[in-house]
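Trainee: Sequence unavailable; structure follows:
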Ligand code: GDP
């Protein structure tokens, strides 16, 4: 497999979830709306004792708005699961989250105690951003540094809504190669775990097939989208590098630099709103992965 990545603190996260879960009504798993299948942890349901789960497709502002509804339907069709799309610009998501959690745990109605929720998510999915916006300025936690495991924290979102944040992070369990590429492209995987050029060539191959027009516009390519789709992916990367000035002395394109530029653009949404997988594609990858 091209990409294998397991941050060291995953065992701690697993243990923390196991200890906390008995008090929890609903689990919230944050997903990246650009890769809603690959950014989910397939072991979560097992880890949480099959608790009702709210999937938040976060960063929806970066995702293809034509594709997000299909992913919401895909998750909503699962028993014990609801899905909503969100982005960091939503000022007060708390009521919407609480309403979705209440739908998932209806037997709690009439109970005096608050809704108790545990949040999980792979790195870079926007968990801190969401928690800070739920907690409000007064409770926002500062001083977290990458690699330093923070303590479990409880956030009182409202009198009737408590939220626990797991210490450490939920690691992606990369079971198919395509998921690994998409996770790396999105920035969820540590940089030393993948080869940028390889990831970008895979990414460009997908964008050529599905978002050729966006590539033409972003990189001012002097060709029609259908011709972009026909280019060999390394020809495309070279053309992009030339257009963006990633050129070495002697006029040769610096491919490493060109690859970095494409990744930066993707992560910032500069290529446009793209989603790197559809439910049928993801299901097909899983079927191949399971057969192997
Ligand atoms: P964490 O590792 O899951 O805690 O992720 P962070 O909250 O640190 O967010 C990772 C990056 O994604 C940061 O640069 C955030 O500003 C950005 N981010 C988080 N949520 C959103 C969102 O909904 N939309 C966009 N465009 N960026 C987001």
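Mentor: Everything's here; your move. Quantities reported herein were computed from a predicted structural model and do not represent experimental measurements. Numbering: from 1, shown residues only.
Trainee: give me the low-pLDDT residue ranges for the protein?
Mentor: 1-12, 108-111, 137-152, 167-173, 291-292 (pLDDT under 70).
Trainee: Was I right to think residue 165 contacts residue 119?
Mentor: Yes - if you go by Cβ atoms under 8 Å, residue 165 and residue 119 touch, sitting 5.4 Å apart. Placement of C-beta: from N, CA and C, glycine included.
Trainee: Which residues are in contact with each of the two?
Mentor: Listed as contacting both residue 165 and residue 119 by Cβ atoms under 8 Å, 6 or more residues apart in numbering are 127, 131.
Trainee: what are the ranges of the helices in the stretch 101-250 of the chain?
Mentor: 127-135, 177-186, 196-210, 212-219, 225-230, 233-243 (DSSP state H, counting those that start in this stretch).
Trainee: Residues contacting the fifth one, please?
Mentor: What it means is helix 225-230. So helix 225-230 is in contact with 208, 209, 212, 213, 215, 216, 221, 236, going by Cβ under 8 Å, 6+ apart.
Trainee: Contacts only, for the fifth one.
Mentor: The contact partners of residue 215, taken as Cβ under 8 Å, 6+ apart, are 204, 207, 208, 221, 225, 228, 236, 240, 271.
Trainee: okay, those in TSV with neighbour count next?
Mentor: Shown next, in TSV, are the contacts of residue 215 (neighbours: other Cβ atoms under 10 Å):
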residue	neighbour count
204	24
207	25
208	18
221	18
225	15
228	22
236	25
240	24
271	19
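Trainee: and the closest residue to residue 92 other than its chain neighbours, how many neighbours does it have?
Mentor: Spatial nearest neighbour of residue 92, excluding adjacent residues (Cβ to Cβ, 6 or more residues apart in numbering): residue 133 at 8.0 Å. Residue 133: 19 surrounding residues under other Cβ atoms under 10 Å.
Trainee: so how far is residue 27 from residue 133?
Mentor: 19 Å (Cβ to Cβ, to the nearest Å).
Trainee: hang on, the earlier thing: correct me, but the residue nearest to residue 92 touches residue 89?
Mentor: No - using Cβ under 8 Å, residue 133 makes no contact with residue 89, being 9.5 Å away.
Trainee: Contact residues of this protein facing the ligand?
Mentor: 58-59, 61-62, 87-88, 121, 123-129 (Cβ under 6 Å from any ligand atom).
Trainee: Please list only the buried members of the residues you listed.
Mentor: Listed as buried from the residues of the chain next to the ligand are 58, 59, 62, 87, 121, 123, 124, 125, 126, 127; burial here means 16 or more other Cβ atoms under 10 Å.
Trainee: now for the residues you listed, which pair is the farthest apart?
Mentor: Farthest apart among those by Cβ to Cβ are 87 and 123. That separation is 18.0 Å.
Trainee: those strands in this protein, which residues are they?
Mentor: 26-32, 53-58, 81-85, 115-121, 153-158, 161-165 (DSSP state E).
Trainee: Please tell me how far the residue lying farthest from the centre of the chain sits from the ligand.
Mentor: Note on the chain: the largest C-alpha distance from the chain mean falls to residue 250, namely 39.5 Å (Cα atoms, centre = their mean). Taking Cβ to the nearest ligand atom, to the nearest Å as the measure, residue 250 falls 36 Å from the ligand.
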